[in-house]
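Student: my questions concern the predicted model and sequence given below.
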Amino acid sequence: MTWLADASRAVTSESTQQAVGCPSLFLLVLIGALVPVVPTGALVSSAAVVAFHQSVPFALAWVFLTASLAAFLGDAALYWLGRRGTRSRNGSRWLEAIRSRAPEERAAQAREKLAEHGAAVLVLSRLVPAGRIPVMLACLMADWPLRRFSQGNLPACLAWAATYQVIGILGGSLFAEPWEGVVVAVGLTVVISATPSVVRWFR
């Protein structure tokens, strides 16, 4: 019966970690959506690695739902703040912050893609590093209401969370220790995020 008690303690410990980890992940991804200085993709991948190595039921599902919901709410809040700026005579610091993070060339490309493909561009913008803010600005300039933006952004956030969770699962499946998988997952997300900047630099 000793093994049963040990297993019970392990599951209880992992359940506690999950109860603490999901709110922390939610808060960090939410903040990262509002202020893009938090590496949210790396956070989701790391959380997926830890969940992969846990025996808690539906641990990976909780990571996916938490990350998707936090990203969706963070985007909605930032878009709402940006729309307030477009309707104000003096603008707002949030709208200026969005504009400052969208280089003119990327913003012009986003406007063209949005005019051609509509809400489908939102999904790609979430998957392409540094693509989210220019497309959000294009939606603001096109005067999309929050409801229309949210309808296109929901599948975008689901696809984003699923993509980075798969990266974490792949990293976690290669190693027996979670920390090794976390290192690999973070490394992959850094490479993915840095690739567009490196390509632009060579051009």
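Tutor: Right, received. Where do you want to start? It should be emphasised that the depicted structure is a prediction, and the values quoted were computed from it without experimental measurement.

Student: OK, contacts around the nearest residue to Arg148 once chain neighbours are set aside?
Tutor: Residue nearest to Arg148 in three dimensions, not counting chain neighbours: Ala119, with 7.4 Å by C-beta to C-beta, 6 or more residues apart in numbering. In short, each C-beta sits where N, CA and C put it, glycine included. Residues counted as contacts of Ala119 (C-beta atoms under 8 Å, 6 or more residues apart in numbering) are Arg148, Gln151, Gly152.

Student: of these, grab the buried ones for ChimeraX.
Tutor: Below is the selection syntax for ChimeraX that covers the buried ones among the contacts of Ala119, with 16 or more other C-beta atoms under 10 Å defining burial:
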select :152
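
Student: just the helices in this structure please.
Tutor: Here the chain has its helices, by DSSP state H, at 2-34, 40-52, 59-87, 93-100, 104-117, 120-127, 132-141, 146-173, 178-202.

Student: for the third one, buried residues please.
Tutor: Neighbour counts using 16+ other C-beta under 10 Å place 59-60, 62-64, 66-76, 78-79, 81-83, 85 of helix 59-87 among the buried residues.

Student: quick revisit: would you turn the contacts of Ala119 into JSON lines with pLDDT and distance to Ala51?
Tutor: Compiled in JSON lines, these are given as follows (pLDDT from 0 to 100; distance: C-beta to C-beta, whole Å):
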{"residue": "Arg148", "pLDDT": "94", "distance to Ala51": "33"}
{"residue": "Gln151", "pLDDT": "94", "distance to Ala51": "29"}
{"residue": "Gly152", "pLDDT": "94", "distance to Ala51": "28"}
